[in-house]
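Asks: Build me a structure from this.
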Amino acid sequence: MKLHWTKVLPGIFAMLLISVQAAVAPHSEEHMTKEATLIVEGQVLSVTSKTQKSKVERGLLVARDRVYTIQIKVNKVDKGKAKAGEEITFTAWRPSTRVPPLPGPQGHSSIPEKGNSVKAYLLGDPKTYQPFMPNGIEILNKASRD
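Replies: I've put the predicted structure just below:
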């Protein structure tokens, strides 16, 4: 029995697209604690965002991400080289547009707002800190809205 490429190719393409684009499973607290460069708790001073072409998703996909720059004032350092009172900045992201749409969540699961208290499990160095994906940002306390 011969199969024609026009019948096989769409199925192969669909399987590759779905298998490559799976959501990242949450990390355990133990794993993040062991692997993080920096673990801090602090107050969110600012959150800015911009939409840009995805650096994560590639291939035959229209993909744009919302990239967040989060600045916090450190209250407590659990691991790494930072000091209480220091201000640090890190980036997180969430998908903005995906065509075709992909199943499951992608990006960081929690994006804090200004005034929130957070615990961040960060990788990288001071110029490129990024939280573990998807659960490297834990919102400890939400800011009250007046």
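
Asks: Figure out how far the strand ranked longest in the chain is from the centre of its chain.
Replies: Using DSSP state E, we find that the single longest strand of the chain is strand 62-79. Offset of strand 62-79 from its chain centre (CA atoms, centre = their mean, to the nearest Å): 9 Å.

Asks: partners of the next helix or strand along the chain from it in the sheet?
Replies: Under the assignment DSSP states H and E, the closest C-terminal helix or strand after strand 62-79 is strand 87-99. According to DSSP bridges, strand 87-99 forms sheet pairs with strand 62-79 (antiparallel).

Asks: Enumerate the beta-bridge partners assigned to the closest residue to residue 76 other than its chain neighbours.
Replies: Leaving out its chain neighbours, the residue that sits closest to residue 76 by CB to CB, 6 or more residues apart in numbering is residue 41, at 4.3 Å. Every residue, glycine included, has its C-beta placed from N, CA and C. Using DSSP bridges, the bridge partners assigned to residue 41 are residue 76, residue 119.

Asks: Just list the residues touching residue 122, thanks.
Replies: Residue 122 makes contact with 36-40, 80, 90, 129-132, 136, according to CB atoms under 8 Å, 6 or more residues apart in numbering.

Asks: typo on my end, residue 44
Replies: With CB under 8 Å, 6+ apart, residue 44 has these contacts: 70-72, 112-118, 143.

Asks: Alright, that wraps it up for me.
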